[in-house]
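**Student:** compute the structure for the input listed below.
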Amino acid sequence: MSYLLLLVAAVLSVLGWLSDSEALTTAGWVIWGAGILLLLLRWRRNRRRFPTLEAAEAAANAGNTRAMRALALRQKLLDDFTEAERLLRAAVELGDVEAMWEMGRLVEQRDGLEASEPWFRMAAERGHFFAKRFFRPGHALNMDGSNPL
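**Tutor:** As a prediction, the model looks like this:
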């Protein structure tokens with residue numbers, strides 16, 4: 001919603017400038033303000049989703065896949081790949097596409113690109129944008145075009 005408001009504000013600002021219309025320019029500024037305010041509110045809401053590590057752990061134990069991914073990425077940074085894999089597998093079992101992507105990245109880092117192919121394929125088949133790119137002809141997992149989705 002906020003991005004749409006910013007797009008409308010840009011159009012109104014340009015139209016106001018081109019037509020020398022103060023009403024369009026003012027409307028553009030008002031909508032710019034509303035769009036930026038919505039972006040800030042969304043950022044604040046997302047930033048406070050897990051204010052502490054304990055809150056993230058509690059959410060992960062309750063089945064929150066976003067918390068599981070966050071904790072898994074933390075464990076990956078701490079070089080605890082076993083715990084990271086456990087958390088990501090739990091999120092994958094709940095159907096989280098981002099966890100499938102992250103699992104592919106974890107396996108790629110640990111075992112190489114060939115071993116990560118099933119995880120990237122699983123994410124790509126469920127619509128993950130970056131995972132789908134790996135399977136385009138000439139890309140990492142489809143160099144010769146014989147391994148499409």
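
**Student:** contacts and neighbour counts: CA atoms only from here.
**Tutor:** Noted.

**Student:** residues contacting residue 115?
**Tutor:** Counting by CA atoms under 8 Å, 6 or more residues apart in numbering, residue 115 touches 107-108.

**Student:** backbone dihedrals for it, both of them.
**Tutor:** Reported as degrees, to the nearest 10, the phi and psi values for residue 115 are phi -70, psi -20.

**Student:** now the residue of the chain most remote from its centre: how far from residue 12?
**Tutor:** Largest separation from the mean C-alpha position in the chain: residue 20, at 40.3 Å (CA atoms, centre = their mean). Separation of residue 20 from residue 12 (CA to CA, to the nearest Å): 11 Å.

**Student:** which stretches of the protein have low pLDDT?
**Tutor:** Residue ranges of the chain with pLDDT under 70: 46-48, 145, 147, 149.

**Student:** pick out the residue closest to the middle of it.
**Tutor:** residue 98 (7.0 Å).

**Student:** and that residue, which helix or strand is it part of?
**Tutor:** Using DSSP states H and E, residue 98 falls within helix 97-111.

**Student:** give me the residues contacting that helix.
**Tutor:** 65, 69, 76, 81, 85, 88-89, 91-92, 113-120, 122-123, 126, 128, 131.

**Student:** backbone torsions only: list them for the closest residue to residue 94 other than its chain neighbours.
**Tutor:** Using CA to CA, 6 or more residues apart in numbering and skipping the chain neighbours, the partner closest in space to residue 94 is residue 65 (7.4 Å). Dihedral pair for residue 65: phi -70, psi -30, per degrees, to the nearest 10.

**Student:** ok, now which ones touch residue 65?
**Tutor:** By CA under 8 Å, 6+ apart, the contact set of residue 65 is 91, 94, 96, 99.

**Student:** my read is that the first one contacts residue 70, right?
**Tutor:** Think residue 91. No: under the criterion of CA atoms under 8 Å, residue 91 is not in contact with residue 70, lying 10.7 Å apart.

**Student:** quick one, which of these two is more surrounded?
**Tutor:** A count of neighbours by other CA atoms under 10 Å puts residue 91 above the other of residue 91 and residue 70, at 25 against 20.
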